[in-house]
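Trainee: From the sequence below, what's the structure:
(one chain, ligands or ions: 1)
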Amino acid sequence: MNLYPLFANLRGKRVLVVGGGHVAERKVAALRKTGADIQVGAPRISRQLALWVASGSIGHHRAEFADDWLQGAWLVVAATADRALNRRIAAAGERCRVFVNVVDDAELSSFHVPAVVDRSPLLIAISTAGAAPLLARLLRERIESLLDASLGPLAALAARYRQRIRARFPDLTRRRAFLETLFGGKVAAELRRDRPLAAERALEAALAEVTMPNPRGSVVLVGAGPGDAGLLTLHGLRALQQADVILHDRLVSTPILELARRDALFIEVGKQGGGAQTPQDRIHALMLEHANAGRRVVRLKGGDPFVFGRGGEELEFLRAHAIDFEVVPGITAAIGCAAYAGIPLTHREHAQSLRLLTAHCRESIDTLDWRMLAAPGQTLAVYMGVGELPRIQRNLIENGRAPETPIALIENGSRPDQRVVRATLGDLASSARQHRLQSPTLLIVGEVAALADQLNWFGPQPLTIPVDKAHVLRAA
Ligand code: SAH
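Mentor: I've put the predicted structure just below:
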């Protein structure tokens, strides 16, 4: 079946919907948006349909179907549960040359109703010619999540300014370049934030510029989450799909990079776990170079950009160089790893507060207030600590946290190779050593860590060390 796609203008045109149940109601609801002159036909109709009839917004044949209902109709929708009746309606349509859609019956239908993504005036219609309606629906959901709600207002704004843009840029190539910067740049960004007036001002400003505005580059700081690509936000996904250049940390997992625009330029910066880092200056220089060249740069970071991610420094740098930026938060390792290990970070019985800290190196450890950190009734989430576990263990115990306090070490949290090690504070360093934990690993200290033993749901059961071995290792 080779269908011919079209978008029909039904304003003021008669459309007949046969049937009075929920399916008919759904069809009427969709048709009402078009301003069609809708007539339902059925002996009995649903409450909602009756309300619309009562308010005068649709008409009603209160009877069994009759062929003459088709007179004057441009389209017919057969939404009855009676197959023989649907067949009769389809045949009547054939005779009068009126297009008929029989709901959920591709064979009987002379027109199909696609699955629709509505960003009016922008409309995306999807059809599988009845072969796989479910697939069309799934596809619709995907596209739905990819397209920002601001696209509709953007298209409407472009339509309103069409004449002026045309007058300002009579040359098609230049006009196209202008529209591209419009759709990718500040105007779109303002609409995403639901600031239509600011968007219009930005458009006016762009039109008023004497020279063709240089495409302005920008940087979006995106948090990629701990690894599972499903934890990326919709904003993050969109930014990745619009990016010209992606500067990403090593910590960002491959499945996430695969969601990005294929022909973007990927540059890996930074190294995990103490290895040689790309100097921060170099990252700054790269962002500046590409943004100044008019490109859309995504700076993609593991977890959240503002949690031990130096996102603040990068924004200060961009601000100083007058580069536009946006920030898309991500799920930070503490939140992601805890969820995937089955550890509620707070719990009415065990922990009323949560602290995120980093134990990157001796210097950062020495500046921490260990007395405060050793207080009971709180959960600690320690980032970048694998190399410093003995020191963390000693400091906490020396400052009064009980050696029996449960801990969990989560390696590669939310990734297919996630491992969770469960032990006590007194066995912290030795159990990490025994299981040869590597970076990235997150440490959780506090009573809640023990809940992983029951609530673990992702990946293998938590690892522990055999009790006898624990003594040996502790003595060592
Ligand atoms: N901005 C990041 C943190 C960067 S620091 C965030 O918000 O998560 C890097 C440290 O984060 C690692 O050394 C490790 O302690 C932790 N980390 C990040 N991803 C992790 C993961 N998938 N599993 C375990 N720890 C992780």
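Trainee: Enumerate the residue intervals of the stretch 151-300 of the chain where per-residue confidence is below the cut-off.
Mentor: For the stretch 151-300 of the chain, the stretches flagged by pLDDT under 70 are 210-215, 271-277.
Trainee: residues from it in reach of the ligand?
Mentor: For the stretch 151-300 of the chain, the contact set with the ligand under Cβ under 6 Å from any ligand atom comprises 226-227, 251. Placement of C-beta: from N, CA and C, glycine included.
Trainee: Nearest to His284, out of those residues: which one, please.
Mentor: Using Cβ to Cβ, Leu251 comes nearest to His284 of those, at 18.9 Å.
Trainee: Skipping adjacent residues, who's closest to the closest one in space?
Mentor: Gly302 (3.3 Å; Cβ to Cβ, 6 or more residues apart in numbering).
Trainee: thought the one you found was touching Leu231?
Mentor: No - counting by Cβ atoms under 8 Å, Leu231 is not a contact partner of Gly302; they are 11.1 Å apart.
Trainee: shared neighbours of these two, anything?
Mentor: Jointly contacting Gly302 and Leu231 under the rule Cβ atoms under 8 Å, 6 or more residues apart in numbering are 225, 330.
Trainee: So between these two, which is more surrounded?
Mentor: Neighbour count, other Cβ atoms under 10 Å: between Gly302 and Leu231, Gly302 has more, with 27 against 21.
Trainee: Distance check, that one against Gly12.
Mentor: 56 Å (Cβ to Cβ, to the nearest Å).
Trainee: Counting neighbours, what do you get for His347?
Mentor: Neighbour count of His347, defined by other Cβ under 10 Å: 14.
Trainee: neighbours around the residue nearest to it when sequence neighbours are not counted, how many?
Mentor: Nearest non-adjacent residue to His347, counting by Cβ to Cβ, 6+ apart: Val448, 5.2 Å away. The number of residues packed near Val448 is 24, by other Cβ under 10 Å.
Trainee: Could you do the one 10 residues further on as well?
Mentor: Phe458 is surrounded by 15 other residues when neighbours are defined as other Cβ under 10 Å.
Trainee: For the chain, give the residue positioned nearest to the ligand.
Mentor: Ranked by Cβ to the nearest ligand atom, the top residue of the chain for proximity to the ligand is Gly303, at 1.9 Å.
Trainee: and that residue, what does it touch?
Mentor: Shown in contact with Gly303 (Cβ under 8 Å, 6+ apart): 223-226, 251, 309, 330-333, 336.
Trainee: what do you get for Asn2?
Mentor: Contacts of Asn2 (Cβ under 8 Å, 6+ apart): Ala129.
Trainee: can you confirm it is in a strand?
Mentor: No - with DSSP: H, G, I helix; E, B strand; the rest coil as the criterion, Asn2 is located in coil rather than a strand.
Trainee: Would you mind measuring from it to Ser127?
Mentor: Taking Cβ to Cβ, one finds Asn2 at 11 Å from Ser127.
Trainee: Work out the gap between stretch 155-175 and the centre of the chain.
Mentor: Relative to the centre of its chain, stretch 155-175 is centred 31 Å away, using Cα atoms, centre = their mean, to the nearest Å.
Trainee: what comes into contact with that stretch?
Mentor: Residues contacting stretch 155-175 (Cβ under 8 Å, 6+ apart): 119-122, 178-179, 182-183, 187, 191, 196, 199-200, 203, 207, 212.
Trainee: Okay, now it: how far is its last residue from its first?
Mentor: In stretch 155-175, first residue to last residue: 15 Å (Cα to Cα, to the nearest Å).
Trainee: Kindly report the residues of the stretch 301-450 of the chain close to the ligand.
Mentor: Residues of the stretch 301-450 of the chain lying near the ligand (Cβ under 6 Å from any ligand atom): 301-304, 307-309, 332-333, 337, 383-384, 410, 412-415, 439-442.
Trainee: now, which of those lie within strands?
Mentor: Under the assignment DSSP state E, these contribute 301, 383, 410, 441-442 to strands.
Trainee: which residues of the stretch 251-400 of the chain fall in helices?
Mentor: 254-257, 280-292, 311-320, 333-341, 362-366, 370-373, 389-398 (DSSP state H, counting those that start in this stretch).
Trainee: The last one: how far from the chain's middle?
Mentor: Distance of helix 389-398 from its chain centroid, counting by Cα atoms, centre = their mean, is 39 Å.
Trainee: Check which helices and strands that helix is in contact with.
Mentor: Under the contact definition 3 or more Cβ pairs under 8 Å, 6 or more residues apart in numbering; DSSP states H and E, helix 389-398 sits against helix 362-366, helix 370-373, helix 428-434, strand 441-445.
Trainee: Buried deepest among the ones you listed, which one?
Mentor: The highest average neighbour count among the helices and strands packed on helix 389-398, using mean count of other Cβ atoms under 10 Å, belongs to strand 441-445 at a mean of 26.
Trainee: Give the partner strands of that one in its sheet and their orientations.
Mentor: Applying DSSP bridges, strand 441-445 is found paired with strand 378-383 (antiparallel), strand 406-411 (antiparallel).
Trainee: For the first one, what does the pLDDT average out to?
Mentor: Regarding strand 378-383, the rounded mean pLDDT is 97.
Trainee: can you check the last one too?
Mentor: Average pLDDT, strand 406-411: 98.
Trainee: Around Ala177, how many other residues sit close by?
Mentor: 15.
Trainee: quick one: it and Ile38, what's the gap?
Mentor: 44 Å.
Trainee: try Glu447
Mentor: Distance, Glu447 to Ile38, by Cβ to Cβ: 62 Å.
Trainee: What sits closest to Ala224 if chain neighbours are left out?
Mentor: Distances taken as Cβ to Cβ, 6+ apart place Val252 nearest to Ala224, at 4.7 Å, with adjacent residues excluded.
Trainee: wait, the one you found sits on Val298?
Mentor: No - under the criterion of Cβ under 8 Å, Val252 makes no contact with Val298, lying 10.6 Å away.
Trainee: ranges for the strands of the stretch 151-300 of the chain?
Mentor: For the stretch 151-300 of the chain, strands defined by DSSP state E, counting those that start in this stretch occupy the ranges 218-223, 245-248, 265-268, 296-301.
Trainee: How far off centre is the first one?
Mentor: It stands for strand 218-223. Averaging C-alpha positions (Cα atoms, centre = their mean) puts strand 218-223 14 Å from its chain's average.
Trainee: Alright, that wraps it up for me.
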